[in-house]
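[1] Predicted model and sequence below, questions to follow.
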Amino acid sequence: MSEDRRPGRIRSVVTSLEMTERPTRPLRPPPPGRIALLRAAPPTVGFYRFLYDSVGWDWLWFVRRRMPDERLAAIIGDEAVEVYVLYAAGTPAAYVELDFRQGPDVELAYLGVLPEFAGRGFGGYLLDWAIDSAWSRAATTRLWIHTCSWDQPRALQLYQKAGFQPFRQEVAWDDDPRLDGTFPRDHPHPLLPPLDPVPPANP
């Protein structure tokens, strides 16, 4: 058995997408109600983890849950990394992270909607805004993003509809985050098989 296929590993297909020019499509209208879009400059580690965990809890977002605070602080505290939060009536509804550290390539590193606001247009509106924001910088020549096969199922379609084109697919293997304490062992995932229960300890 190969190292990748050993027990306790999970397999996903990672799709990377890009756009090499600013799209000309009309912008989606903002969601109804009182909204505000503000940059957290920079966010505290605690606030960032609240956003990341709230969006990614159902989908087992584990990369930054595993990341030590010091390393995470260095990323989100970099002046070339910009985190914006979309508020609805004063409550965080969605967030986006743009990474300009490798300019003129810009990575749309994270985009997510908190579960209470899903299906209400916040994701599409924020995605359009992030694309325009990235392309408003004169130096930008490429904007890219990636998603995996057990992420939110509508993500890939949303990105392609916004103008991103796939340029690479690859298989990734990771340690199941339900086995190392990153998530509870009984944490469900709609696209991954459940884990066997932990056997009782010997008396």
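    Done, it's in.

[2] Can you classify Leu86 as helix, strand or coil?
    Following DSSP: H, G, I helix; E, B strand; the rest coil, Leu86 is assigned to strand.

[3] neighbours around the closest residue to it other than its chain neighbours, how many?
    Once flanking residues are discounted, Leu86 sits nearest to Ala94: 4.4 Å by CB to CB, 6 or more residues apart in numbering. Where you see a C-beta, it was placed from the backbone N, CA and C, and this is true even at glycine. By other CB atoms under 10 Å, 27 other residues sit near Ala94.

[4] any idea how far Val14 is from Pro166?
    11 Å (CB to CB, to the nearest Å).

[5] show me where the chain has helices.
    In the chain, the helices defined using DSSP state H lie at 45-56, 63-66, 69-76, 122-135, 155-161.

[6] Nearest to Glu82, out of the ones you listed?
    helix 122-135 (8.1 Å; CB to CB).

[7] got the contact list for that closest one?
    19, 22-23, 27-31, 37, 84, 86, 88, 93-96, 98, 106, 108, 111-113, 140, 143, 158-159, 162-163 (CB atoms under 8 Å, 6 or more residues apart in numbering).

[8] Turn the buried ones among the residues you listed into a named ChimeraX selection, would you?
    To isolate in ChimeraX the members of those that are buried, counting by 16 or more other CB atoms under 10 Å, one can use:
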select :19,31,37,84,86,88,93,94,95,96,98,106,108,111,112,113,140,143,159,162,163
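
[9] Would you reformat the helices of the chain as CSV and include distance to Arg185?
    Converted to CSV, the helices of the chain look like this (distance: least, CB to CB, whole Å):
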stretch, distance to Arg185
helix 45-56, 17
helix 63-66, 15
helix 69-76, 24
helix 122-135, 30
helix 155-161, 26
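
[10] Can you tell me the closest non-neighbouring residue to the residue nearest the centre of the chain?
    Nearest to the mean C-alpha position of the chain, by CA atoms, centre = their mean, lies Tyr110 at 3.4 Å. In space, and not counting its chain neighbours, Tyr110 is closest to Glu97: 4.2 Å by CB to CB, 6+ apart.
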